[in-house]
Structure formats: C-alpha cells, structure tokens
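Peer 1: I would like the atomic coordinates for the input below:
(chains A and B)
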Amino acid sequence: MSPNLLLVVVVGVLFAAGVTLLLERNLTRVILGITMLGNGVNLLILLGGAYGGPPIVGVTPEPRMSDPLTQAMILTAIVITLGMTAFLLAMAYRSWLLTGHDNVQDDVEDRRIMRRAERDEGLENEDEDGGQR
Amino acid sequence: MLILLTAHLAAAVAAPSLVRLLRLRAFYVLAAVPGAALVWALSHTTTMRDGHAVAETYPWAGQLGLDVALRMTSLSWLMVLLVGGVGALALIYCARYFDAAEPGLARFAGVFVGFAGAMLGLVVSDNLIVLYVFWELTTVFSYLLIGHDAAARASRRAALQALIVTTLGGLAMLVGIIMLGEHAGSYRWSQVVSDLPGGGYLAVAVVLLLLGALSKSAIFPFSFWLPAAMAAPTPVSAYLHAAAMVKAGVFLVGLLGPALAGAGPWRPVVLTAGAVTMLFGGWTALRQHDLKLLLAYGTVSQLGLLVVALGAGFRDAALAGAMMLLAHAMFKAALFFVVGIIDHAAGTRDLRELSGLRRSAPAVWVVALLAALSMAGVPPLAGFVGKEAIVDAFLSGGWWEWTVLAAVVAGSMLTVAYTVRFLWGAFFDKPAVEPRTVHRVSWSFLGPAALLAAAGLAAGLFAPVLDRLLAGYADTYPDAGHYHLALWHGVTPALALSALILASGAALFAMTMRTRWWRRVRLPVDGAAGYERATDGLGRLAIEVTGATQRGSLPIYLGTILLVLVLLGGGALLAAWPLPGGFRLWDNALQLVPAAVLVVAAGFATRARRRLAAVVLVGVTGYATAILFILHGAPDLALTQLLVETCTMVMFVLVLRRLPGHFSVRPLVAARRLRVAIGVAVGTVISGLAYAATAGRQAVAISTGFPEPAVSYGGGRNVVNVTLVDIRAWDTMGEISVLLVAAIGVAGLVFGGSGRLLHSGRRPPLPTPPRGQVWLMAGHTLDAGLRSPILEVVTRLVFHTIVLFSIYLLFAGHNAPGGGFAGGLVVGLALVLRYLAGGRHELAVAAPVDAGAVMGAGLFIALGTGLAGLIGGGQVLQSTLLDWHLPLLGHVHFVTSMIFDVGVYLVVIGVVLNILRSLGAEVDRHEQIQRAGETARREKVGAA
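Peer 2: Here you go, the predicted model:
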C-alpha cells in the first residue's frame, strides 16, 4: 500500500501535541492530551485501511470501497474515548473538590521510600516508623 | 491412602467448628484421624516385612505428566507410623496443654490436622511434583503453627524465618526435581531412578535437591531457624521436631540416597554438613538454660546424625539411620511433652529456677528419665540400638568412614552431656535454688509422653523384629550388608565405643559444671548472622532500587515510557532504513484544508493558558479529524466523531465552570522545552512507524470479503454497521460493557461516598410550574438571569424531532450511515440541550428514568440477542434474517442483529444521561450548596 503522506504528518502532529500535554501535571491538560492522542491513534488506524468511497453496498462498487474493518474498530474507539474522557473529567473534578486544584501530585509513599534510600536505611526500622509490616 | 488424605483434609476443615462445639475435647476427636493413619500403616506390617510396596494411582493432569501416584515402601511406612502416631499423641496432649480460653484455638486445631495431612501426603507421594506440593504445604502450615501467637513479635519473626529459609530450599529442590523428571520423562520416583542422567547435570540436580532437604531439616548452615521456631506452642514443637517438617528433609535424604548417593557431590555435602551440624548443635545445647531450647539444639545435633547415617550411601548405615529415626521420634516427642508439663506445673522451664522436681513430680521424672536415656544411647532402649548400629556401620571402612566415625563419637558424647544437663537441670536438687512447688500432673497429661517413652523401651527390646521390617528399605542399597539390629552383638568394638561415649559424655558434663572457658568456644560462621545480613541487604537493595526508579512523579514515569518508545521504535526505523517509497502526497487535495486547520489548532492548544481556549482548540482538532474521516470515505466515523466531539466539549465545559479559568503558572521553561522535545520525538517516531507500516503492507485486507456476506448473512448494506453488530459483535459487546463501567465510575467519583448514588435516578420534587403557557416544564427553576428564552423555545421545538431523527438513524444504520452508536449520541445531545436550556430539573423531566436502568436494559437486550442466537441452534450473536409480508406495510425486512443495535443505542443513551446527571446536575447541586453556605456566612458576618 502506498501511504498518504499528509495523514502521516497529521498523525505525527497529533501525537506530538498530545504527548506534550500528557506530560503536564495539570489534569485538565492531561485529559486534553489524551483526547488528541486518541484522535491521532484513530487516524493511524485509518491509514492502515484502504482509501475509497463509503463502504455501503450499492453506493460504492466493492473494489473502490474504503476498508470497513478499520472503520468499525475506530468507531468503537471513538465512543470509548468519550467514556474515558468523562471518567478522567470526573476525576479532575473530584481532585478539585478534595484538594482545591487539579494537579497530579507526587506519590507520598514513594517519597518516603526515596528519603529512606537517601538516609541509607533498610526495611528494619519500618516497625518503629509506623508499624506497617 | 487417598481416603486417609481426604480424611485429614475434611478434619482440618471441620476442626474449627468442632473446637467451638466441644472446646478442648475436640482434640480427642481429631486425634482419631492421624490415629487412623497409624492403624492403617500397622495393618500393612506384613506387606512391609515381605518387602512389598502399597501403591495407588489416580489420574490428575495427564498432559503435564501429573498423576496422584501414592506409594508406600518400607521407609515411608516408618514415616507414616511416626506422622500418624506422634500426630495423634500430640493432639491428645493438646487437650490438656491448652487452656480453653486460648485465643485462636479453633484455627490452630484445623492447621495442626492439615499439617499432619500434608506430612502424610509428603511421605507417601511417588510423584515428585506431588511430593513438592505437600512439601510446600508443610512449610505453609508450619508457618501458621510457629506464628500461632501472632501478637508476639518473636513468634512472627521465627515463623517468617522458617518460611523463608525452607521455601528457598524448596524452590531449589523443585528445580532439581524438574531436571531429573524432564530427563527421565516421568516424575514418578520409582521410574526416575531407572533413568538417571550423568555427569555435571546430575551433580547440579543433586546439589539442588540436597539444598531443599538440608534446609528443611535445619542442617548447617540453615540450622538457625529451628531453635527460633520453638516460639511455637509445645505440642507443635514436639511434632515439628519428632515426626514432621524437619523429618521431611531427613526422609528425602533417605528416599534419594539409594539412587543418588553415588553421585559426585552427594557424600561430601551430606557428610560434611551433617557432621558439622551434629557437633555444632550438641555444643550449643550445652550452653542453654531454657529446657526447650536445649532440646531444640539437641534436635539440630540429632538431625545431623540422621542425615549422616541415612545419606552415607550403604546398607548398614541406612538400616542404622532408619532405626535412629524411629528412636529419635519417640524420645524427642516424649521429652518435649515433658518440658510442656514442667512449664505448666512449675511455671518455668528455665533450669536455673527448677529444683527438686524429682521428688515433687516422680511420675514425670520416670518418664523423662526413660526418654532421656534413650536419647543418650543407654541400653536397652531404642536409642542405644540405633546409635550402636551407626557406630558399627562406620567401623569397617576406609579413611572417610573413620573421619565420620570420629564425628559421630564426638557428637554422641555431646549428646550424652546435654542429656545429663537436661535431667540435672529439670529434676535434680540445686543447693542455691528453692525447691519448686508443682501442681499435680494428671495421667492424661503425662499419658502421651509415657506411651512414647515406653515405646522406646519396647523398640529396644524387640529390635530384631524391627530389623526385618526396616531391612526392606536398607536392602534397596546394592551393597551386601550383614548387620542386624539387636540389643546384644557380643563384646564388639562398637560396644566398647558406646561405653566410651557414655563415660566421656558424663565427664564432659561434669567439666562444664566446673569450668567456664568452654562457653567462649563458638563456631566461627553463624547461619543466623548470614540470614540477617542477607535479609537486611535485600531490604536495603529494595529500598535503593525503589527509591531510584519509583520517583512517584507521573510526568517522569510517562516520560520514561515514551523515551523507551522513541528509542525502540526509532531504532527499529533506523534499522529498516531506507523505507520503501511509493507514497502519495494526499488521496484528495481537499484533505489539505482540515489538515492545515488541525495542525495549527494542535500547536496552539499546547500553548493555551486559558482552560476554555485549550478545550476549544482541542475540539477544533477533533472536528478536523471528522472532516478527514469523511474525505477518506468513512461517513459513519465522521458522524460519530462529530457527535462525540460535541458531547466531549459539553462535558469539558460542565466541569471547567467549577475550575479556575487559567492554568496555574509554570515557571520552569526548561521543563516545558523538555516536554515539547519528547512530544516532537514521539510524533516523529510515530509518523515514521505509520509510514513504514502502511508502505510495508503486503497482505490483502481481512475485510476484502466483508461486503458480500454483509448483505447475504448480515442483511445490511452498510458494511461498517454490519461489522459492528454482526461480524465483530463480540468487540462491540465488550465495548459497551467498558462504556458502562466508565459511566459507573463517573457517577461514583462525582456522587462519591455520599450514598446518593443509589438514588441518583429518583426525580427530585419539582416546584409546581406557573400557570399559563410554558416552553419548558422546569425552565422557571433557573434564576431569571440564567434563562434564555430563545434557547427554551428552540429546545421545545426541536427536541422531539431530534429524538425521532435518532430512531431513524438507529434503524437506517443497517443500510446507510448511522446505527446504534450514532443514534444514542443524538438522543444524548438532545438531553444536553434540555439540560442547558432548563437546568437539572428539566433534565429530570426530560428523562424520568434511572440512567443505570437504561444502561442495564441496553446491555441486557444486547446480551439477550446474543443468547437468542444460541438458543436458535446457532452460535452466540448469530443473526437471523426475517422477511414478512404484512398487510398495509407491505414487505418487512428484519434482521435480529438490529435488536443488538437497539441494545447499543440504549447503553449509549444511558451513558450520556449518567454523565449529565453526574457532571451536570450533581455538580450544580454542589455549587448551590456551596453558594448557600457562602451566603449564610456573609449574612452572619453582616449581622455581627
């Protein structure tokens, strides 16, 4: 198959912009990045299918149809992205309700372990620390 | 044998309720189960005397070479006797040892019986994998038993230590088992022996197997876990030391010995480790003040002796080892029972505080004396027969036999010394110590110990009978031995050595009482310290590695993953360079317009400072994507994308109205540059991969054959829709389930924990609408400033039309663009419109149903069609074409997969409704509550 260079470039741009936003700490930006990545992935799948007329029997002759399988896959992907975006938005909202902002914080437990590593401590003191064992 | 194992399992399961019902008497009932194993083994005594085996085989997982092959030979018969006999006595002993109020007794009883069952299974398994399973079961059960007193740190620590040490050994053993089993093509030991590998392969397997056996038996350098395990209740210690757990390792050495003793590393490893353990254990036992600890180190020493005898690799030593195994089980269990009794009766087991028990507890003294003399090897007890046989076995041989003999003699001297120390410490009068007052000891408490001590005497007296029974095992060694177990062989060098051992042992004890210098003599290497260092080091390593890799920062994790993608993907691209040519600039010049819009909007979206601007810009990229879809020849996608994009924008706005208008300021320019750099790198690599994948494609598309069956089987001309509801209906089924889960998650997060989730579908009470003409039922519930009459009018006019249009889309979708997804989304947007125009009360009026019910009904219908196909004799989700000729309507063409699409339609409506209820209506309510609170506060401040 011969690739459509324009779509290749568009896919690249959507990924670049999506990843840039994804690496932010702000949850709204992260969600927007995921939305763009979703579109990028959908176009990427589309690239894998043949270009042509709508895959409707009687409208387009069979050899000139675009690939229906990739389209069915993308269709489900689009709707799933909707569900996922809704979920992430609800998460951002909850984060805002609880903490007053929607930034992703560093994991507290991980930071404790990092401090332990800096102090060259072992697991032994865990008991005295918090009795979590 | 399977019946016995099942009985143990059933008893273990029933034990907790039994204990709750009968309290301590339950132990007598439970003792019947291991007792049955003992009786069963005794009933096979003649079979063993004739040198036969009892075997049962049950198929299990045949493809894996696994069957439950059980086989009792002479050695396993001996073990069944011990496991069953000591197990039953320990349970009987429990009934007196424990207080009825002991916490966790119900669980303890179950675990103990399970432990006995696992041990029984271990010794009768012929299949090595099955043996391994039972092996690990004993580890787990012993962990629970040692850690019985879970509140005590020492007890938890000891349990964990035993678990870690023996499991590590067990894993090594498993590898050894697999090596032998894979070579022989069977895991049955009786078949593995006939096809052993050779050379280095065998040597490695042998070392691995020995690691398992020796760690289980607490042989040096793994000895440390056993003395620590005495944190367990005394009946457990008695069982653990005498018949179970540590004896598993000894049993394995005895089982493998006849076949593997000739292998290179066997003798050096077994004899060295055994001899060192024997001396180290005995020496350390001499230093102990705690009677239980003294016995525990004594066991370590005896285990060394047993391993040396059973692993030496010739007939006479094996016979002697088997005898010693029996003798040790009897006297060690009896002595532990005695210690438990002393502990109970006198309130301590520290030998510095005990005095005068010989007079105050004479019955206990007699029993203890009988058992202890067997331990020391005094005739005519079983211990003497065993020890003399061992000494005799090593008397006739070359240099290594003599070296081992020296160790055995030295070890036995130590045994005599610590035996005397035990008797003296527990029972004799000590001038400086007040005589201990003791409670009366009931016969039922002393019974198990007395029985075992008496059995030790009987076994000594009837040694020739045992000789014939145990010879069945010893004769599996190829060499011709001549020794027979008996009390009296005449005046032999062995007898002389036995006398020497007794005399010098007593002298050694006397020396330890007078001098102190010997206390400082210790082994230069200590297993316990090594264990500590290893676990500490592992903990440190884990913390360092976790600290270095687990930074807890989402951007760092994502960045790492993406960089790997860039490196691997980019590397693959470079490796495949040059990429194949033959590309087209575009399929259709019109594509340039949406593409350009998309690129510009995407670029600005990354830089936007305001939330709303960013959302709109990302929305633009989504709409542009829809246009690209339609230009590619995918009208269904374009339709769905447009609807979804609109829904998404609405959702964003609903949430963003509560969040600050601007993103927080990010001062770090370098971090931003890095993000952009990673983004550009990922984009470039993905572009390259997209190009390479498309250009490199050779295969014919799977969908080439779709259109024809879509019409003839699926009954629809829109191939994409038929693919969704028929050809790949399972995908769709999974997808709507995911949607449902996501929607539930949204509701959970927004309604979160307030318990209102269940009632979210209930319509809130409506204020009565004002009289006269209204456009929307609940429009008046909004503040006047928020109302938009034009929107209300338009909504009123178009709502029903939109819903009708959605139904058209749903049913037309089979033959033209549309379908359940698109139709459902259109209804969703109609609801959005009602909500925006009239607020949350209007939404409740527009859809007076529970969103969950709509989603559930949809999923039910979709699943129902799937099952209907199955009931109709076809496959799941198979569709049927129905053609009717109805009066008035004319020809009706109907496909059952259409019903599936109705299910999809309902699920999508339910999801959107649910999102609106959560992110719309419920967030409104939060806002109202908050505003009301602020107003109240302001009023309060004003009033003050």
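Peer 1: For residue B:840, see how far away the residue nearest to residue B:89 when sequence neighbours are not counted is.
Peer 2: If the residues on either side of it in the chain are set aside, residue B:89 comes closest to residue B:448, at 3.8 Å by Cβ to Cβ, 6 or more residues apart in numbering or on different chains. Any C-beta I mention is one placed from the backbone N, CA and C, and that applies to glycine too. Counting by Cβ to Cβ, to the nearest Å, the separation of residue B:448 from residue B:840 is 76 Å.
Peer 1: circling back: in terms of helices and strands, where is the residue nearest to residue B:89?
Peer 2: Counting by DSSP states H and E, the element that carries residue B:448 is helix B:443-461.
Peer 1: buried residues in that helix?
Peer 2: Of the residues in helix B:443-461, those with enough neighbours to count as buried (16 or more other Cβ atoms under 10 Å in any protein chain shown) are B:445-453, B:455-457, B:459-460.
Peer 1: Turn the residues you listed into TSV, including distance to residue B:676 and pLDDT.
Peer 2: Formatted as TSV, the entries for these read as follows, by distance: Cβ to Cβ, whole Å; pLDDT from 0 to 100:
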residue	distance to residue B:676	pLDDT
B:445	81	91
B:446	84	93
B:447	83	92
B:448	79	94
B:449	80	95
B:450	85	95
B:451	83	95
B:452	80	95
B:453	84	95
B:455	83	95
B:456	83	94
B:457	89	94
B:459	84	93
B:460	88	92
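Peer 1: which of the residues you listed sit farthest apart?
Peer 2: Put simply, by Cβ to Cβ the two of the buried residues of helix B:443-461 set farthest apart are B:445 and B:460, 25.2 Å from each other.
Peer 1: residues in contact with the helix holding residue B:448?
Peer 2: Taking contacts as Cβ atoms under 8 Å, 6 or more residues apart in numbering or on different chains, the residues outside helix B:443-461 that touch it are B:86, B:89-90, B:92-93, B:95-97, B:326-327, B:330-331, B:333-335, B:337-338, B:341, B:344, B:363-364, B:367-368, B:370-371, B:374, B:379-385, B:466, B:487.
Peer 1: Sort out for me which of those residues are in helices.
Peer 2: The subset of the contacts of helix B:443-461 located in helices under the criterion DSSP state H comprises B:86, B:89-90, B:92-93, B:95-97, B:326-327, B:330-331, B:333-335, B:337-338, B:341, B:344, B:363-364, B:367-368, B:370-371, B:374, B:382-385, B:466.
Peer 1: Buried members of the residues you listed into PyMOL, please.
Peer 2: Selection of buried members from these for PyMOL, criterion 16+ other Cβ under 10 Å:
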select buried, chain B and resi 86+89+90+92+93+95+96+97+326+327+330+331+333+334+335+337+338+341+344+364+367+368+370+371+374+382+383+384+385+466
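Peer 1: what about the strands in chain A?
Peer 2: In chain A, no strands are defined using DSSP state E.
Peer 1: In terms of helices and strands, where is residue B:868?
Peer 2: helix B:851-871.
Peer 1: is that helix anywhere near chain A?
Peer 2: No: counting by Cβ under 8 Å from any Cβ of the partner chain, chain A is not contacted by helix B:851-871; separation bottoms out at 11.2 Å.
Peer 1: If you drop the residues flanking it in sequence, what lies closest to the spatially most central residue of chain B?
Peer 2: When chain B is reduced to its mean C-alpha position, the closest residue under Cα atoms, centre = their mean turns out to be residue B:140, at 11.7 Å. Closest residue in space to residue B:140, ignoring its immediate chain neighbours: residue B:163 at 7.6 Å, by Cβ to Cβ, 6+ apart.
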